[in-house]
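S.K.: next one to model:
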Amino acid sequence: MLKLSAAPLVLGVAMVSAPVQAQDAPADEGEATIVVTGSRIARPNLESNSPVAVVTGEATVENADVTLDTFLNTLPQVNPAGTTTSNNPGNGGQSNINLRGLGSNRNLVLINGRRPMVSASDQTVDLNTIPQGLIERIEIVTGGAGAAYGADAVAGVVNLILKDNFEGIDLRATYSNSLPKTDAREYQISGIIGGNFADGRGNIAFSAEYSKRQGLIKAQRPFASQATSTTSSFPTGSLTNSATNPYDQAAVDALFASYGVAPGQVPRTNQLAFNSDGSLFGVGTFNSPVDVSNFRYDLSSPANPNLNFYPDFYSYNFDIVNILVLPLERKSAFLTAKYEINPAFEVFVQGGYTNYNSATALAPTPVSTGIVNTNSSASVLNARSPLVNLFHDSGPGAPGNVPPGTDPTPGRITGFVVPVTNPFISDDLRLLLNSRTGNDPNLAGSGADEGVRIGYRFLGTGLREQQLENEVIQGLVGLRGEFAPGWRYEAYYSWGETTIDQRATGNVNVQKVQQLLEAADGGDSLCAGGFNPFGIQPLSQACVDFVSETGVTQTKFTQKVAQAYVSGELADLPGGPLGVVLGVEQRKFKYAFDPGALFGPIAGFNTSTPDLGTNEFLDFFGELRAPIMDTLELSLTARHSKSDFNDIQNGVDGAPSNDWTYGGTITWSPIDQVRLRASYQHSVRAPNFGELFSGGGSFPQIFDPCSSNSNFRANGGAEARALCVATGVGDGTADTFVATPGAQAFITTTGNPNLKPEKSDTFTVGAVFQAGGFTGSIDYYNIKIKDTILNPDVNEIIASCYGYNDINPGLDEDSPYCAAIGRSNNNMTGIYLPAELGGDASGYFQFVNAGSVKTSGVDVQLGYRLPTPFINEDSALNMNLMVNYLIDFKNVGLGGLKTDYAGTASYFGAGLGTSFPRWRATLNTKLNITRELSFDTRVRFTDGMKNRAAVQYVGEEFTGPGSVFYFDFALQAEVDAMTFRIGVNNAFDKQPPTYAPNVQSGTDPSLYDVIGRRAYVSARLKF
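M.R.: As a prediction, the model looks like this:
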């Protein structure tokens, strides 16, 4: 019978691998000692007082996964986040793990209980740097382990245990591709060689791997080929209307009548774009009788209208050329060695090198860069033009360069401004320009003499592509041994460096474009042919070279860790020896970012500022294990951490922080077949480089309650209409304004070097049992994070203005949430937070410690082995089930707003890994036909969800994904030293569920399979 104390770990192994080995464990296994993740005290049997899911290294490669995250994301405890599909939002091709959906920066990745090198500004570990072939097993503690391992272990720990005392040669090759398309090739070649020396006192093992993944673009999958969101940036160019110097509607009516457009289809003055022959077309209005009019491009032309919406309205289909699966080419090597001089001194070392290349690609550049006056003192990230006013009067009265005594506001526009003298202005456009009689406060001049504001997307400069090269070097040396009976020590020092070189093409220098537009000859004197922004026009290579800006950036991280601890036995208790651990750890990190040419008025990839900073930690920790009785055990852990952060780039010295983490576990076995366990952990997460120093801008997808077809407008009456007018919707268009689907709004956050660590409390209670041939466990977990480093949710802010929650039920236009909303031509364009909500003078939000996140749920693991002697005397059927039920995922955001996101699917801008299905399950079965032949199946289930927007905008209607099953099959045969495996993942070619709004590609590509049926073969030689 399986020993009860071994059940948790053996069960975890069984979940994802053949449990025959576990069932056939030798009888003297109870005499072994092992350190289980969550504790540094070696203990008999493979027991754990905290919930631990364990998978074997073999399981991580059985389904031909070339990256660890692809396999780990199939486990119910893991919320898929940064994956092979993370093109936009991107993660630079890195591979991360996200426990419980709390973020990949809130769990800790370890190798043999020690920290490997980080690879991102949020101090996450890139799993691409871990040698798959050397992994013996992976232990996942999802109940918090901050006291044992320090900062970042809020959600838990992923501990990769490498093979020990490896002898022999292990060679493996895998190949996979999609069927029937054969357009998603992946292959991996790996090898391990190792052996003992000095009569078994030493061992050395070397692992090398080469992996390659073929990229896919969205045009290769029908569900992703048409964008489900929209853009107001067109490759045809579009005319931007001014509220204070508008084009005359009568002139527009007359012009479109000359095109033969019926009166009911004539566009408004803010719905105009350009054909290539000098005429204009109407872009249409979503869900209204006014459709696209006078559109003179073929549907297959570079204008590329989004057929999800055309001809209702025109939007550029930017998705068709975007990447769906990132390409990857990776080379890695890893060395481990140890040598025992005597029992008191054993030297151990490990070193690793990883180099990999990946790429992202987005549609050609839409220009949203700001333009200010030539003499403005605004940031150098803005372009400059004399066509923009230096200041304007923000109050009543005549705008322009302000006279004394008025309230000056810097003039600024977004997009481009073209002088009325530009030679490419057509006669049709000239008629509209001459109809203006007002004055735009941002532009020089007035009436017909003011410049022409346009929006534009640069097809001529090609796709926005990032070529990324990641190089990670890490090394470790240590000493350990037994210095007295029952007392051991370990000390080590590790150093690592990550360098990320990025080459970004397709960027546009907005300043140089303005030079072309402002030149008397349209720029022909600067580059052949000049630049005609009115319609899709040819752009010479000379002009492409003139305006293109290749961004070469470099990010470098350095990490140094020193740790030492002793462990031993203090006294004998009725249940066994009283174990203790005492230790100290120092960690030093340095982060440097050089933005190169992207530090300027560049459109394309986000412009950035240089960053340079450090953070340091000094920790003291201890642990006590008290076996009070044979059936009752208590464990206690504690850690004191002092952290210090410095923003060297800006000369800011952060305030040091002193924090305690602590926890305890208790187990009790009332009967041999049942062991009850409970744990409590108080943890902290230190702020990372991005939160301390960088911040950044984003364009999350939004819902606009002021759209006349919303339930808010339908049911809100005059109060709803009045609030929309007060927040920027024109009074004359408030009853006809319809927001286009998939709109986005800009928000900016900034770093804060005075941030304090987040604090969390985790409670688990559960039981491990065996009965009737079943081995199982059930655990309840409850994790609450306080003082979270708050990143405002744009849709929560919008919903809080328009009365969807408790924040502004009276629809008060003076609410600070309403003051945060920025609009242009009725459409919501940005969130600029007032001081009451933490905004600075520019409306930017500085990260602060506020709010909370709380999640709870139940994990169930169940294993069963059924002998099938009627097939063969060695035959058996093994069934293993892992289930997670999510009870809640409650977020307290800006202003104390409380929202439960359990059971919701995410959308673009909410962050990767923020879909939270109620149920997730994985069922593995293995039929051992003979000792040499087996047949595997794996069934993966993800529950259906409602849309995240549905709980933010209660009463509005959104779609959500349905439930999904995936079926995987494999056949494996062993012939002497060779193992052959053939299999198919997603055997029934289940397509990802589509919904709106969504993360990207019409779905959540991190959570669902976007490739389809995939067949694979693998061969392994081991001797």
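S.K.: separation between the nearest residue to Glu758 once chain neighbours are set aside and Thr637?
M.R.: The shortest distance from Glu758 to any non-neighbouring residue, by Cβ to Cβ, 6 or more residues apart in numbering, is to Arg685 (4.4 Å). (C-beta placed from N, C-alpha, C; glycine too.) Per Cβ to Cβ, to the nearest Å, Arg685 is found 17 Å from Thr637.
S.K.: same thing with Gly839?
M.R.: 41 Å.
S.K.: just Pro222 next, same as before
M.R.: 53 Å.
S.K.: the more surrounded of these two?
M.R.: A side-by-side neighbour count of Pro222 and Thr637, using other Cβ atoms under 10 Å, places Thr637 first with 27 against 10.
S.K.: specify the beta-bridge partners of the more buried one.
M.R.: Glu623, Gly663 (DSSP bridges).
S.K.: could you report the pLDDT at it?
M.R.: On pLDDT, Thr637 comes in at 91.
S.K.: do the one 5 residues further on as well
M.R.: Reading off the confidence values, Lys642 has pLDDT 90.
S.K.: what do you get for Leu618?
M.R.: At Leu618, the pLDDT value in this model is 94.
S.K.: chain center to stretch 729-748: distance?
M.R.: Put simply, stretch 729-748 sits 28 Å off its chain's centre (Cα atoms, centre = their mean, to the nearest Å).
S.K.: buried residues of that stretch, list them for me.
M.R.: 729, 734, 737-748 (16 or more other Cβ atoms under 10 Å).
S.K.: same question for stretch 158-167.
M.R.: Residues Val158, Asn159, Leu160, Ile161, Leu162, Lys163, Phe166 are the ones in stretch 158-167 that count as buried (16+ other Cβ under 10 Å).
S.K.: confirm that Cys724 sits in a strand.
M.R.: No. The assignment for Cys724 (DSSP: H, G, I helix; E, B strand; the rest coil) gives helix, which keeps it out of a strand.
S.K.: any idea which helix or strand carries Ala767?
M.R.: strand 758-771 (DSSP states H and E).
S.K.: alpha carbons of that strand, as CSV, please.
M.R.: C-alpha atoms of strand 758-771 as CSV (Å, rounded to 0.1, in the frame of the first residue of the first chain):
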residue,chain,number,x,y,z
GLU,A,758,3.0,44.4,-1.2
LYS,A,759,1.8,42.2,1.6
SER,A,760,-0.1,39.0,1.3
ASP,A,761,-1.8,36.5,3.6
THR,A,762,-2.4,32.9,2.4
PHE,A,763,-4.4,30.3,4.2
THR,A,764,-4.8,26.7,3.0
VAL,A,765,-6.6,23.7,4.5
GLY,A,766,-7.0,20.3,3.0
ALA,A,767,-6.6,16.6,3.3
VAL,A,768,-4.6,13.8,1.6
PHE,A,769,-6.3,10.4,1.5
GLN,A,770,-6.2,6.9,0.1
ALA,A,771,-9.1,4.6,-0.1
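S.K.: from the chain's centre, how far out does it sit?
M.R.: 27 Å.
S.K.: okay, now the sheet partners of that strand, with direction.
M.R.: Counting by DSSP bridges, strand 758-771 is paired with strand 674-685 (antiparallel), strand 774-786 (antiparallel).
S.K.: most tightly packed of these?
M.R.: strand 674-685 (a mean of 23; mean count of other Cβ atoms under 10 Å).
S.K.: list the buried residues of the strand holding Ala767.
M.R.: 758-770.
S.K.: from those, pick the one nearest Asp814.
M.R.: Taking Cβ to Cβ as the measure, Asp814 sits nearest to Glu758 out of the buried residues of strand 758-771, at 32.8 Å.
S.K.: what about Gln77, distance to Pro289?
M.R.: 51 Å.
S.K.: and those two? Which one has more around it.
M.R.: Comparing Gln77 with Pro289 by other Cβ under 10 Å, the one with more neighbours is Gln77, at 23 against 9.
S.K.: nearest residue to the more buried one in space, please, no chain neighbours.
M.R.: Closest to Gln77 by Cβ to Cβ, 6+ apart is Thr142, at 4.8 Å.
S.K.: try Tyr995
M.R.: Nearest residue to Tyr995 in three dimensions, chain neighbours excluded: Thr959, at 4.4 Å (Cβ to Cβ, 6+ apart).
S.K.: and Tyr175, by the same measure?
M.R.: Tyr187 (4.5 Å).
S.K.: how about that neighbour, what does it touch?
M.R.: Applying Cβ atoms under 8 Å, 6 or more residues apart in numbering, one finds that Tyr187 lies in contact with Val66, Ala173, Thr174, Tyr175, Ser176, Ser211, Lys212.
S.K.: same check on Asp731?
M.R.: Here Asp731 is in contact with Val725 (criterion: Cβ under 8 Å, 6+ apart).
S.K.: element containing it, please.
M.R.: Assigned by DSSP H and E, Asp731 belongs to no helix or strand.
S.K.: read off the pLDDT value for it.
M.R.: On the pLDDT scale, Asp731 gets 90.
S.K.: all helices of this structure, in order?
M.R.: Here the chain has its helices, by DSSP state H, at 7-16, 20-23, 57-62, 68-72, 146-149, 249-258, 427-433, 510-518, 541-547, 689, 711-726, 794-801, 816-819, 948-952.
S.K.: between the ones you listed, which one is nearest to Ser1018?
M.R.: Short answer: helix 57-62, nearest of those by Cβ to Cβ, at 7.6 Å.
S.K.: just list what the closest one packs against, helices and strands only.
M.R.: Using 3 or more Cβ pairs under 8 Å, 6 or more residues apart in numbering; DSSP states H and E, the elements in contact with helix 57-62 are helix 68-72, strand 135-141.
S.K.: hmm, back to that, pull out the buried residues from the contacts of Tyr187.
M.R.: Val66, Thr174, Ser176, Ser211, Lys212.
S.K.: from the residues you listed, pick the one nearest Thr499.
M.R.: Ser211 (19.7 Å).
S.K.: quick one, what contacts that closest one?
M.R.: Counting by Cβ under 8 Å, 6+ apart, Ser211 touches Val66, Thr67, Glu186, Tyr187, Gln188, Ile189, Leu328, Glu329, Arg330, Tyr356.
S.K.: relative to Thr775, which of those is nearest.
M.R.: Thr67 (30.5 Å).
S.K.: just give me the longest strand of this protein.
M.R.: Using DSSP state E, we find that the single longest strand of the chain is strand 548-573.
S.K.: adjacent strands (with direction) for that one?
M.R.: In the sheet, strand 548-573 lines up with strand 487-509 (antiparallel), strand 576-594 (antiparallel) (DSSP bridges).
S.K.: reformat those as CSV; add mean neighbour count and mean pLDDT.
M.R.: Shown next, in CSV, are those (neighbours: other Cβ atoms under 10 Å; pLDDT from 0 to 100):
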stretch, mean neighbour count, mean pLDDT
strand 487-509, 19, 94
strand 576-594, 19, 93
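S.K.: switch these over to a markdown table; also include distance to Ser567.
M.R.: Shown next, in a markdown table, are these (distance: least, Cβ to Cβ, whole Å):
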| stretch | distance to Ser567 |
| --- | --- |
| strand 487-509 | 5 |
| strand 576-594 | 4 |
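S.K.: of all the ones you listed, which one is nearest Asp545?
M.R.: Here strand 487-509 is closest among the strands paired with strand 548-573 (Cβ to Cβ), at 10.9 Å.
S.K.: tell me the centre residue of the chain?
M.R.: The chain has Leu912 as the residue nearest its centroid, 3.4 Å off, counting by Cα atoms, centre = their mean.
S.K.: skipping adjacent residues, who's closest to that one in space?
M.R.: Ala81 (4.2 Å).
S.K.: that neighbour reaches Gln94, doesn't it?
M.R.: No. Checked against Cβ atoms under 8 Å, the pair Ala81 and Gln94 is beyond contact range at 10.6 Å.
S.K.: separation between Thr437 and Leu239?
M.R.: As defined by Cβ to Cβ, Thr437 lies at a distance of 17 Å from Leu239.
S.K.: I should have written Thr667 there, sorry.
M.R.: Thr667 sits 71 Å away from Leu239, going by Cβ to Cβ.
S.K.: and for Thr85?
M.R.: In terms of Cβ to Cβ, Thr85 sits 36 Å off from Leu239.
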